[in-house]
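Asker: quick one, structure for this:
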Amino acid sequence: MIARPAWVVLGFIFTGIGIIGYIVPLMPGLVFFILAAFCFAKGSRKFLRILLGNKFVGPAIMDWKRGRGMPVKSKIIALATVIPSMALSAYIVKLVWVRWAIAACAVMVIAIILLVKTKQPVNKKI
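Answerer: From the prediction side, this is the model:
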């Protein structure tokens with residue numbers, strides 16, 4: 001059994017990786033924030049509330065938890081950054097097997113983005 005302080009440390013590690021993931025286009029940031037939320041739920045409700053209260057990642061984590069999916073805008077941005085960056089990476093690399101590995105990763109990432117449920121906009125009644 002993992003002690004509560006260890007869960008908190010893991011939560012901060014995953015939060016840090018998630019921040020890097022939001023900056024680096026080839027790295028999925030949300031996955032690490034979801035892992036951080038899981039760790040904080042086990043180790044510190046205070047840090048879980050702070051993470052879920054964040055205006056940038058909190059709604060996305062809750063949408064994922066509730067099975068609502070990913071907004072169309074997010075899918076477009078993800079595809080618009082992943083495709084060119086993967087293509088450029090494959091072009092720059094000289095080793096053929098690395099190019100194939102990059103291409104395989106690109107196909108998997110694109111498939112995941114397209115297969116994730118598309119979040120429907122909320123209709124607000126006036």
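
Asker: any idea which residue sits dead centre in this structure?
Answerer: By CA atoms, centre = their mean, the chain has its centre lying nearest to Leu30, at 2.2 Å.

Asker: helix or strand with the lowest mean pLDDT in the chain?
Answerer: Lowest by mean pLDDT, DSSP states H and E among the helices and strands of the chain is helix 72-92, with a mean of 83.

Asker: after that one comes which helix or strand?
Answerer: Once the chain leaves helix 72-92, the next helix or strand it forms, by DSSP states H and E, is helix 96-115.

Asker: which secondary structure elements does that next one contact?
Answerer: helix 72-92 (3 or more CB pairs under 8 Å, 6 or more residues apart in numbering; DSSP states H and E). For every residue, glycine as well, the C-beta is placed using N, CA and C.

Asker: how about the helix it packs on: buried residues?
Answerer: By 16 or more other CB atoms under 10 Å, the buried positions in helix 72-92 come out as 74-75, 78, 82, 86, 89-90.

Asker: could you dump those residues into a markdown table with distance to Gly11 added?
Answerer: A markdown table is the format used below for the buried residues of helix 72-92 (distance: CB to CB, whole Å):
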| residue | distance to Gly11 |
| --- | --- |
| Ser74 | 23 |
| Lys75 | 27 |
| Ala78 | 24 |
| Val82 | 26 |
| Met86 | 30 |
| Ser89 | 30 |
| Ala90 | 34 |
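
Asker: rewinding a little: tell me the phi and psi of the residue nearest to the centre of the chain?
Answerer: Reported as degrees, to the nearest 10, the phi and psi values for Leu30 are phi -60, psi -40.

Asker: check contacts around the closest residue to it other than its chain neighbours.
Answerer: Computed as CB to CB, 6 or more residues apart in numbering, the closest residue to Leu30 that is not its neighbour in sequence is Ala60, at 5.5 Å. Going by CB atoms under 8 Å, 6 or more residues apart in numbering, Ala60 touches 30, 33, 74.

Asker: which non-adjacent residue is nearest Ile23?
Answerer: Per CB to CB, 6+ apart, closest to Ile23 is Gly29, 8.0 Å.

Asker: fine, thanks again, bye for now.
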